[in-house]
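Asks: need the 3D shape of this:
(chains A, B, C and D)
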Amino acid sequence: MKEAMNLPNQLILLPLLAVVVVNLPLGLRWAAMLGGVFFSIYQMWTMVFLPPLETGFFDLQIDGLSRVLLLSIGLVAFVSILAARGTIRDKRERFYFYNLVLLAMVGMNGLVMVRDLFSLYVFIEITSVASFILIALRRELDGLEGAFKYLIMSAVATAMMLSAVALLLLATGETSFAKVAEQMRLGGSGLPVLAAGLFVAGLLIKAGSVPFHGWLPDAYMAAPNAASILLGGIVTKTTGVYALIRLMQDGMFGTGMSPVLLLAGAVSIVAGALAALGQRDFKRMLAYSSISQVGYIVLSLGTGTALGVVGAVFHLFNHAVFKSLLFVNATAVEDRAGTRDMNQLGGLAARMPVTGFASVVALLSTAGVPPLAGFWSKLVIIVALYKSGHPVYAAVAVLASLLTLAYFLSMQRRVFFGKLREGLEGVKEAGWYVLVPTLALTLITMGVGVLIPWMFGSFVLPMEKF
Amino acid sequence: MAKLIVQNETILNLLIWTPVIGAFALPVVGKVSPRLRNLLALAGVLVSLVCSLALYRTVMAGTVVTVAMETGFGSRLFHADCLAVFMATVSSLVGAIIVFYSWGYISHYDNQNEYYFLVVLFLGSMMGLVFSANLILLYVFWEITALTSWRLIGFFREPQQVVRADKAFMMTFFGAVLMLLGFIMIFDKAGTFDMIQLRERFSSECIPNLAVVLILAGLLSKSATLPLQTWLPDAGVAPSPVTALLHAAVLVKIGVYVYARLLIVTFAIDPMWNVVVPAVAGASAILAAGAAMIETDLKRIIAFSTISQIGFIFLGLAIGRASEMAIAGGLLYILMHGFAKGGLFLCAGIVEQNTHTKDITRLGGLVRTMPVTAVSFLICAFSVMGIPPFGGFFSKYMVIAGAAKSSPLWITLIFVVGAFMTIIYLARVFVMVFMGESKGHEEREGSVVMVGSVALLALLSIVSGLYIGVSSDFAQAAVKQMLGGGQP
Amino acid sequence: MTINLIIMLFMVAAALWAVLARTLLKGSIALAIASAALALLIFRMNGPLAAVFELSVCAGLITVIFISTISLVQPFTPQEVAARYAARFKRFWPLLVLLAVVTVICLKCWTFPACGQALPESADVMALTRDLLWKARQMDLFGQVVMLLAGVFGVVILFKEENPS
Amino acid sequence: MNGEFSSLVPFFGFFAILLFVIGLYCVVMSRNFIRVLIGLEILTKGVTLLIIAAGYLTGKVALAQTLAITLIVLEVVVVAVAAGIVIAVYRRNNSLDVTQLRKLKG
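Replies: Okay, here's the model as predicted:
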């Protein structure tokens, strides 16, 4: 009985339990937020301090990769729940928000722990449905449009992935990672290659990589701010990128997909950054920035080496931190200044010093400026690219960080630096519910960057499990 | 003996971490007591200065102090040899004077907490960079200096200044990422970022020319040398002279220092570069001197002068292992130029703050109202021009003499022309600003602190010339150790 | 096998009709017919349980959802329907060409390598399915439960009438 | 490997591909939200067919059947949520024309 509530099981059962309890007619609706906050803190806590290897009773497993992902999920969910408390004014909407975040957590936690292709699909679908509803939460036209577009793209991606599952079932007669990988190693061409292609294409749609990125900016932009944090920080990364990492790591596809991933990654990096340069809307720019950063992860996976996987996972974690931070900043700015149009903002650093500083940290981390966290993951990625014999892609990755810096400096200049814009004199610093996550994420970004020599051996390298 | 080494390690740690970590305490202290904050800022930099002086004897004896720790990218973190200690002494000395001068200058403006934080952090990371024993750490500190100078250039938050700050940041970042790519190329070949191991690995084999190009891109962008020089005059104009000084007297030296550290000490490079780099440096020196001759903005002139003088330093270092004298000259040049150019910038700062203009055509006759400033300016200018017996003369002489011996004649000629142009444009500035009729600005001498620091720098320019033996001995010892090889 | 072939042809035809149908109502009914055909096919392929699900949920419930959605949103006037039908036909005739091309390609150069084991031994499929569903694939069942819960939230949030404010 | 088996793979695969093509075309080209959903449904029919066929051909009907049941249940939830979105869009916009989505560009 003791195993029945071991860690992997807790991680999917507790949030579900929380949702059920607060929805029973017991007058516990107020506890929804507390449940979410406590659970996400608990998840982070266990991930940081407990030994990672345990098997739950649905064959759920936590290994190094899952551990990093679970930590990121807990972190982003925590941030998003607090931001929702600070920015969503309607009480009922907020209640639904907490519930959906908890359900999305069930989906994401399960997704990173399962070891079966079909169960992977099941949890991806749970996460996605929770996200559709989150995007459409306010039932404003923008949000509904974004949600519908995401739904359609996501369903097409799902169809592709499921066809791949069916083809793999046909080729190997199995759906669990280990058995499929084993069968694939025995030999395979034709059907498995087609399956791999379909699967990767589906996941790239989910991850919002170019050329399948169309839905992403709309969905991110239209979602309520707190939901954008969750989406941009973690949802698309677990549903798309994590699955890709897992499948590459388990050797499901061999190295046949490497050139495709490298190309898709490089194009995403550059196209996303170029598109971000031309944006006026704060959140839309962040969305394109996400596309660009996901490109780095995909590019790193394309190397097909252990170091590449480490780089990808590390960057995924860092991305979860700094992109959530940027979205939190966008949330704070829109909440206080009333607009996201960067051309109508300016000089907010004087009124919102914490947000302004956090934004500097986050943007520098994204651009890969040392000593912040983002630099180290980019370094690993670039070294991995170089060592696996792709110096040109390494150069693209390096030079694209210049583009990243360019659009973020422009953002910082238009929103935070310079003279205070007329009409913004009354702007105050965001409330505590927004400031706490801001500070926490800022500290993590700086801390990971500075403490990296100690973390490298204990946190970063164990992610690789080949 | 073992005890001594432990002590030296502690000194080295103290030297680097006091300003880096102390910088973060400054804004907190500043909330309580601005005066205490100012003192602590100066103290932080002075700790570095004292520590580097304390290391002087040890490294002169040929010992190398090393701080080691197991990391994912190499076991050595910092090491102190003659070259590093020399550079650290120069930058912390100039840095201390900057902080002292700031007491007077920055007290008129907002955001002082941020200012002291940035300046001290800058100087601290400069120390870290100087002592770095592996390429990644070097790159990290390199970028921290870029970051802090980014915020310092945009310190006054005017839109134009913020744009220029972004430009400077982008340009140096561009160079730096190329340099990083070069580092990774080398890592790919040698499998380590550790400089000592790299030195053994590349003692006979040249590193690929592409890697040299990439690393040079970083160095040239940081040192504001052709073709990546445009950010420096812009950066020098927008903010206060203090930050301008920081860039002109300290920041740009990073590039030449790292050149000495990597391309002379650590890696063997193709002999071709001993001609190509001086040629680029020569072109940079001449063009910048030409620009300085027609420019009318006081601080831009000094900024262009910096670009031009950096060319001389590059010449001295880039002749490479062929001539010990030239390298020693290059190192001395770093010292002399730091004092003299610092003095010039601070004088410009006093002039600007008291007359509210930087246009030299609208200035004149200041020698009567600002005698100390004028004299200091003249002394520093003499040093930069290379008039004996001021410090600048010896370094310039050694560089050019070394070049005459071991590089093509045309390169030497370019630099001789450059030296003459230096004399012309500095004389022009002095005459237009301090001599002639007063143009009727409200003129008065700067505050005691500011004038005092200017006078101190002028004094240092003279003293370093009169007692040239001290610094040149040290420089030559450094060069011996640099070229000696084998001495880890 | 011929019967399976006919069922599948019928299914494709129904799907085509669903796409091309004049009104949405007819389209969703055509979809239900395609679903029913699929259910029949699954039944013939030793999958009675899945067939029942396909028939009741896809052909039944989903059609109900579609029809109620169509009735909740205002139906088009007959003129509009006619205009749209004409426009749609213009947009959709390339589909027929595309299908023909795909057919030709598939029939001409089919190089799907066949792999896998031999044809099925239809042992006690029902018992096996029960075991699988409730033991080996509990995870999926759990997922279904969570999914339904999420669906409930979706319906509660999205179907709610607008507040007059 | 018997002859009948190898001829069967294309047999199911072919029809699945036809369903995919029809469904995708409908999703991409339709101008009405509900018609887009019908396209999605056709796409899912193709997937279901493929999974059942895969189980049938490899002798794992029970497994395939289990997967298909889960797939069907999840599918109906997605359709319900999509229908909810469609209705909400209609209440806001009084139109179901996809081309009226202002930001449908990439």
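Asks: when you work out contacts or count neighbours from here on, use the C-alpha atoms and nothing else.
Replies: Noted.
Asks: where in the chain is pLDDT low?
Replies: Picked chain A for this. Residue ranges of chain A with pLDDT under 70: A:1-4, A:50-58, A:187-190, A:251, A:254-255, A:456-466.
Asks: should've been chain C
Replies: For chain C (pLDDT under 70), the answer is C:1, C:74-77, C:108-123, C:162-165.
Asks: report how many residues lie close to residue D:92.
Replies: 14 (other Cα atoms under 10 Å in any protein chain shown).
Asks: so who does residue C:8 touch?
Replies: C:37, C:38, C:41, D:15 (Cα atoms under 8 Å, 6 or more residues apart in numbering or on different chains).
Asks: again, only this time at 6 Å
Replies: Applying Cα atoms under 6 Å, 6 or more residues apart in numbering or on different chains, we find residue C:8 in contact with no residue.
Asks: using the three-state scheme, assign residue A:370.
Replies: Classification of residue A:370 using DSSP: H, G, I helix; E, B strand; the rest coil returns coil.
Asks: ok, and the closest non-adjacent residue to it?
Replies: Nearest non-adjacent residue to residue A:370, counting by Cα to Cα, 6 or more residues apart in numbering or on different chains: residue B:140, 5.1 Å away.
Asks: now for the most centrally placed residue in chain C: which residues touch it?
Replies: Closest residue to the average C-alpha location of chain C: residue C:35 at 5.1 Å, with Cα atoms, centre = their mean. Counting by Cα under 6 Å, 6+ apart, residue C:35 makes contact with residue C:59.
Asks: surely it is within a strand?
Replies: No. Residue C:35: not assigned to a strand; according to three-state DSSP it is helix.
Asks: which bits of chain D sit near chain C?
Replies: D:6, D:57, D:58, D:59, D:62, D:65, D:66, D:69, D:77, D:81, D:84 (Cα under 6 Å from any Cα of the partner chain).
Asks: between these, which is closest to residue B:303?
Replies: Comparing these against residue B:303 with Cα to Cα places residue D:81 closest, at 64.5 Å.
Asks: thinking again about what came up before, top of the residues of chain D next to chain C by number of neighbours, please.
Replies: Busiest of those [other Cα under 10 Å] is residue D:65, holding 31 neighbours.
Asks: identify the residue nearest it in space, chain neighbours excluded?
Replies: Nearest to residue D:65 is residue C:50, by Cα to Cα, 6+ apart, at 5.4 Å.
Asks: continuing past the helix or strand harbouring that neighbour, what's the next helix or strand?
Replies: Using DSSP states H and E, residue C:50 sits in helix C:48-53. Beyond helix C:48-53 on the C-terminal side, the first helix or strand identified by DSSP H and E is helix C:63-72.
Asks: what does the stretch 151-300 of chain B put close to chain A?
Replies: So the stretch 151-300 of chain B meets chain A at B:157, B:158, B:159 (Cα under 6 Å from any Cα).
Asks: among the residues you listed, which one lies nearest to chain D?
Replies: Nearest to chain D among those is residue B:159, at 32.5 Å by Cα to the nearest Cα.
Asks: secondary structure class for the residue lying closest to the closest one once chain neighbours are set aside?
Replies: Counting by Cα to Cα, 6+ apart, residue A:418 is the residue found nearest to residue B:159 once chain neighbours are left out, at 5.3 Å. Per three-state DSSP, the secondary structure class of residue A:418 is coil.
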